[in-house]
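[1] Generate coordinates for the sequence data below:
(chains A, B and C)
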Amino acid sequence: MDWQSDLNVIEAVFVPSLEGWYEHHKRDLPWRHTRNPYYIWLSEVILQQTRVAQGKPYYERFVDTYPTIEELARADEKELLRLWQGLGYYSRARNLHQTARYVTDQLAGKFPATYHELLKMKGIGVYTAAAIASFAFGERVAVVDGNVYRVLARVFGIYEDITTTGAKKTFAALATRLIQKADNPATYNQAIMEFGAIQCTPVAPDCLLCPVQQHCVAYLTGQQHRLPVKAKKAPVRDRYFHYLVFSNNNKMAMRERTERDVWQQLYDFYLLETDEPKPNWRDLLLPDSVNELVRQGVLAATPVEAMQLLSHQRIRAIFHFVELPDGLTEQLPEGLKWYSMAEITDLPKPVLITNYLEKAFG
DNA sequence: AAGTCGGGGGT
DNA sequence: ACCCCAGACTT
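    Below you'll find the predicted structure:
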């Protein structure tokens, strides 16, 4: 249908309705009590692809640990990743650190203050740039996140697949047009996202108490559940991780993941990956030296199995614990180093590894 | 345009 | 089992 023909009518009601709704329904969240661009930025990066409930405790910890951007800039990256542990998408933490140093060292600590300047920073894309620009600096630029796609698709009856470039342009243009009507662009941006998160939810939206019900194309046609349109993602890939957990005298051999893969810069154990399940370590094509190491050590009777689901991979891991005799502790494979349990606690680790440690030694 | 990058929660 | 979440970056 030609939604643009109704746009003038709907937008005159839509924007003020949402702003009014927000005043009565907004949650009390810590980052809503500040206009400090550093805190706004911190919260927005933490909340990328992350629910408020999951991100909130991390935000509190980061603000406590690094009260200023200078302190974040000076932070040890390993410590920063340790603080980020469990949140996922660890490149966010690395980019956060890089941008903190850039702002501190190259911009004299002065945070970029416009949408276009913000966009140049590592880890700040179109959404986050708009969020910081409007929340911290009052710039009239529209945020378009998952909530906004859903709300606009439904209210305006837009059936374009939101994963396509064309749809992104459509939604951005509409959002830009709408925010021109806003009394306060920062409040309006907050309002439409909060509305999507609380009222216009993906499943079972609360249409009966909706302030724009009578102007919502989806509601009026009974198609709420079909919008927004989104192409299905590719099926998840199965991976099989075989870990050899070399141990000696209450220490364990770990290594930093440096390859271009999941969990970059986090720590795990000696790893061999296969395309197929291989329950027995003898079926693994290990280097001769590693095979010899296992043979001379004491292998735990039962390996520990664990599974980790990522958005795009299903990792099935099996951990073989090997206690090495004192004489062989200098013969670890390349990259592995010995760490005490206390040191391991402080290393940044994938949840898969943390869970294993808890299960096996916790 | 398609892939990659985490982990958790809801249905 | 599937979808979504205050997305960004690389290929």
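[2] Of all the residues in chain A, which one is nearest DNA strand C?
    The nearest approach of chain A to DNA strand C comes at A:G125, 2.4 Å away (C-beta to the nearest atom of the strand). C-beta: built from backbone N, CA, C; applies to glycine.
[3] Number of residues surrounding that residue?
    Here the number of neighbours of A:G125 (other C-beta atoms under 10 Å) works out to 11.
[4] cool, A:V322 as well?
    Counted with other C-beta under 10 Å, A:V322 comes out at 22.
[5] coming back round to it: I'd like to know how many residues surround the closest residue to the residue of chain A closest to DNA strand C other than its chain neighbours.
    Among residues not flanking A:G125 along the chain, A:L119 sits closest, at 7.4 Å (C-beta to C-beta, 6 or more residues apart in numbering). By other C-beta under 10 Å, the residues close to A:L119 number 15.
[6] residues from chain A in reach of DNA strand C?
    Contact residues (C-beta under 7 Å from any atom of the strand) of chain A with DNA strand C: A:29, A:31-32, A:43-44, A:47-52, A:89, A:91, A:95, A:121-129, A:145-147, A:149-150, A:190, A:193-194, A:196-197, A:202, A:228, A:230, A:232-233, A:260, A:311.
[7] Report the secondary structure element holding A:E292.
    helix A:288-296 (DSSP states H and E).
[8] got the buried residues for that helix?
    In terms of neighbour count (16 or more other C-beta atoms under 10 Å), helix A:288-296 has its buried residues at A:V290, A:L293, A:V294.
[9] now swap in stretch A:141-148 and tell me
    Here stretch A:141-148 shows A:V141, A:A142, A:V143, A:V144, A:D145, A:G146, A:N147, A:V148 as buried, counting by 16+ other C-beta under 10 Å.
[10] Check whether that stretch comes near DNA strand B.
    No. Against DNA strand B, stretch A:141-148 shows no contacts by C-beta under 7 Å from any atom of the strand, the least distance being 10.6 Å.
[11] hmm, who's touching that stretch?
    A:115, A:126-127, A:129-131, A:133-134, A:168, A:171-172, A:175-176, A:178-179, A:185, A:189, A:192-197, A:200 (C-beta atoms under 8 Å, 6 or more residues apart in numbering).
[12] Equivalent analysis for stretch A:196-211, please.
    Residues outside stretch A:196-211 that contact it (C-beta under 8 Å, 6+ apart): A:17-18, A:20-21, A:25, A:27, A:52, A:146-148, A:150-151, A:154, A:213, A:216, A:219, A:224-225.
[13] From one end of stretch A:273-284 to the other, what's the distance?
    9 Å (C-alpha to C-alpha, to the nearest Å).
[14] Same question for stretch A:39-53.
    One end of stretch A:39-53 to the other measures 17 Å (C-alpha to C-alpha).
[15] now stretch A:329-347
    Stretch A:329-347: ends 21 Å apart by C-alpha to C-alpha.
[16] Report the buried residues of that stretch.
    A:L332, A:L336, A:W338, A:Y339, A:I344, A:L347.
[17] Take these and write them to a markdown table, including secondary structure and pLDDT.
    As requested, the buried residues of stretch A:329-347 are exported to a markdown table (DSSP: H, G, I helix; E, B strand; the rest coil; pLDDT from 0 to 100):
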| residue | secondary structure | pLDDT |
| --- | --- | --- |
| A:L332 | coil | 97 |
| A:L336 | coil | 98 |
| A:W338 | strand | 98 |
| A:Y339 | strand | 98 |
| A:I344 | helix | 98 |
| A:L347 | coil | 98 |
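[18] Go through those residues and name the one nearest A:K278.
    Nearest to A:K278, judged by C-beta to C-beta, of those is A:L336 at 21.2 Å.
[19] got a list of what the closest one touches?
    Taking C-beta under 8 Å, 6+ apart, we find A:L336 in contact with A:F246, A:A253, A:M254, A:R255, A:F269, A:Y270.
[20] so how far is A:G196 from the nearest residue to it once chain neighbours are set aside?
    Nearest non-adjacent residue to A:L336, counting by C-beta to C-beta, 6+ apart: A:A253, 4.2 Å away. Note on A:A253: its distance to A:G196, by C-beta to C-beta, to the nearest Å, is 47 Å.
[21] pull the longest helix from chain A.
    helix A:7-25 (DSSP state H).
[22] Now do the buried residues in that helix.
    By neighbour count on 16+ other C-beta under 10 Å, the buried set for helix A:7-25 is A:I10, A:E11, A:F14, A:V15, A:S17, A:L18, A:E19, A:W21, A:Y22.
[23] In three-state terms, label A:D261 for me.
    coil (DSSP: H, G, I helix; E, B strand; the rest coil).
[24] Please name the residues that touch the residue of the stretch 151-300 of chain A found nearest DNA strand B.
    As assessed by C-beta to the nearest atom of the strand, DNA strand B sits closest to A:T165 within the stretch 151-300 of chain A, at 2.6 Å. For A:T165, the contact set (C-beta under 8 Å, 6+ apart) is empty.
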